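Peer 1: next come a sequence and a model predicted from it.
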Amino acid sequence: MAERPGDGEDGSDPSAPVRERTHVAAPLRRDLVAAGVVAAGVLVALAVLAIARAASAALTALGVGVLFALALDPVLRATQRRFRCSRSTGTLVVGSALAVVLFGVVAVLGPQAAEQAQEFSDEIPETVESFYDWPVVGDRLRDADAAGSAAAYVDDLPNRVDADAIGAAADRLLSGLGTALLVLVTAVAVMLDGEALVARVRRTLPEERRERADEVGRIVYRSLARYFAGSVSVAILNGFVILTVGLLLGIPLAPLAGIWAAITNLIPQIGGLLGGSFFVLLAVTEGAVPGAIALVVFLGYQQFENNVIQPTVIGRAVDLTPPTTMLAALVGGAAIGVPGALVATPLVGAIKSVWLDARGEAPDEEDRPGSLAATALSRVRRLLGGR
């Protein structure tokens, strides 16, 4: 007769140890697989960060190009509707108009910036000597003959221009031109082929998921495009204010200060400080009064921008609290530098919009404020303490 389980000499089941070992080994294998997947993910993330840090300049140019394409896309669509033209023709029109504007800015501000740079270098000793009347630091500067040291440094500048300095300047110039060309090519490529690339990616998705993917894509695009279009508009306005105040006060290098303020203003939270501090420092070189006026104007405009302009123009696209915005910008900047700081905030806002839409809590377009003017007026009243 065949032996049955439990018929051993001690009455136990001979197969029980085998089942117990199998039962213990299965969770162990799952844990090992999970640990391997986590380790592989960490290694991939580290590799991506290493590549990003090694190619930070190229990534910055690519990121800025994509940002410009997203910011100009609403203008491109409006151009297509207005002239009833193809996307390639609209891209040519928008690109040509942008090139004319940039050339005009350089033609108008370039000579003035060069002239002011020459005057600024000639007036450095006199500017330093004007600091002798300042409290606390004035006596120390006089004792150290800071004005004489500045004059000697300016006089020695021609002797510092040698073959190595010229070569380094040429390398920086070529690098800047290459970066500008990469930004331009990236922006044009995204504007031309963006829709085609999206369509190709869409065809790779299963049929039943395309509708949901279209909805998610519309939400992400709306958040990113509105954010970057608004950011560029606010940055241009910031640079124009700095330029105007600088010219009125006779601050040296005012055109460069305006351009720098516009560029740095694109960085969330800390961009205004980076641009404004440079402007105030230049104003201080003209004396205490121009420096104080520049500081007051900068702080006042910064408050107006942070509490009225940015919430009105950009707040419609990214509904995030200031601490969340700052944290996203800092984390993005720490991860991959300037591109991360620029992209992190709108990405977090887009993810939040997708999450709210998935839960059915996303606000409808008609629920938003009716006009920018009404929203701005409401925020001005709130800023002034009214209802």
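Peer 2: Looks like it arrived, so ask away. All values derive from a computational prediction rather than experimental measurement.

Peer 1: just the element for residue 108, please.
Peer 2: Here residue 108, judged by DSSP states H and E, is contained in helix 87-122.

Peer 1: now find how far off-centre that helix is within its chain.
Peer 2: Distance, stretch centre to chain centre, for helix 87-122: 22 Å (CA atoms, centre = their mean, to the nearest Å).

Peer 1: just the buried residues of that helix, please?
Peer 2: The neighbour-count check on helix 87-122 (16 or more other CB atoms under 10 Å) flags 87, 90, 91, 92, 93, 94, 95, 109, 113, 116, 120 as buried. Heads up, the C-betas are built off the backbone N, CA and C, glycines and all.

Peer 1: save these as a markdown table, and put in distance to residue 219 too.
Peer 2: Formatted as a markdown table, the buried residues of helix 87-122 follow (distance: CB to CB, whole Å):
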| residue | distance to residue 219 |
| --- | --- |
| 87 | 22 |
| 90 | 24 |
| 91 | 25 |
| 92 | 30 |
| 93 | 28 |
| 94 | 25 |
| 95 | 28 |
| 109 | 39 |
| 113 | 42 |
| 116 | 47 |
| 120 | 49 |
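
Peer 1: list just the nearest of the residues you listed to residue 212.
Peer 2: Proximity of the buried residues of helix 87-122 to residue 212 (CB to CB) peaks at residue 87, which lies at 25.7 Å.

Peer 1: wait, doesn't residue 210 sit right on residue 199?
Peer 2: No. Counting by CB atoms under 8 Å, residue 210 does not reach residue 199; the two are 10.8 Å apart.

Peer 1: so between the two, which is more surrounded?
Peer 2: residue 210 (14 against 10; other CB atoms under 10 Å).

Peer 1: how close does that one get to residue 102?
Peer 2: To residue 102, residue 210 is 40 Å away according to CB to CB, to the nearest Å.

Peer 1: can you show me the strands along the stretch 1-150 of the chain?
Peer 2: Assigned by DSSP state E, counting those that start in this stretch, the stretch 1-150 of the chain shows no strands.

Peer 1: same question but for the stretch 251-387 of the chain, I mixed them up
Peer 2: With DSSP E, counting those that start in this stretch as the definition, the stretch 251-387 of the chain shows no strands.

Peer 1: let me see the contact set for residue 279.
Peer 2: 242, 245, 246, 251, 257, 260, 261, 294, 298 (CB atoms under 8 Å, 6 or more residues apart in numbering).

Peer 1: which of those fall within helices?
Peer 2: 242, 245, 246, 257, 260, 261, 294, 298 (DSSP state H).

Peer 1: right, and the third one touches residue 257 too?
Peer 2: Put plainly, it is residue 246. Yes. Here residue 246 reaches residue 257: they are 5.5 Å apart, a contact under CB under 8 Å.

Peer 1: intersection of neighbour lists for the two?
Peer 2: 279, 282.

Peer 1: which residues of the stretch 1-150 of the chain fall in helices?
Peer 2: 16-54, 56-83, 87-122, 124-130, 138-143, 146-160 (DSSP state H, counting those that start in this stretch).

Peer 1: okay, and residue 189 sits in which element?
Peer 2: Element membership for residue 189 (DSSP H and E) is helix 163-203.

Peer 1: let me see the mean pLDDT of that helix.
Peer 2: Average pLDDT, helix 163-203: 77.

Peer 1: how about stretch 99-115?
Peer 2: 75.

Peer 1: do the same with stretch 241-255
Peer 2: 88.

Peer 1: distance between it and the chain's centre?
Peer 2: The answer for stretch 241-255 is 25 Å, by CA atoms, centre = their mean.

Peer 1: make 37 the first number, not 1, from now on.
Peer 2: Understood, numbering begins at 37; the last thing we discussed is stretch 277-291.

Peer 1: end to end, how far does that stretch reach?
Peer 2: 11 Å (CA to CA, to the nearest Å).

Peer 1: what does that stretch contact?
Peer 2: Stretch 277-291 has contacts (CB under 8 Å, 6+ apart) with 145-146, 148-149, 152-153, 155-156, 159, 293-294, 297-298, 311-312, 315, 318-319, 321-322, 326, 329-330, 333-334, 337.
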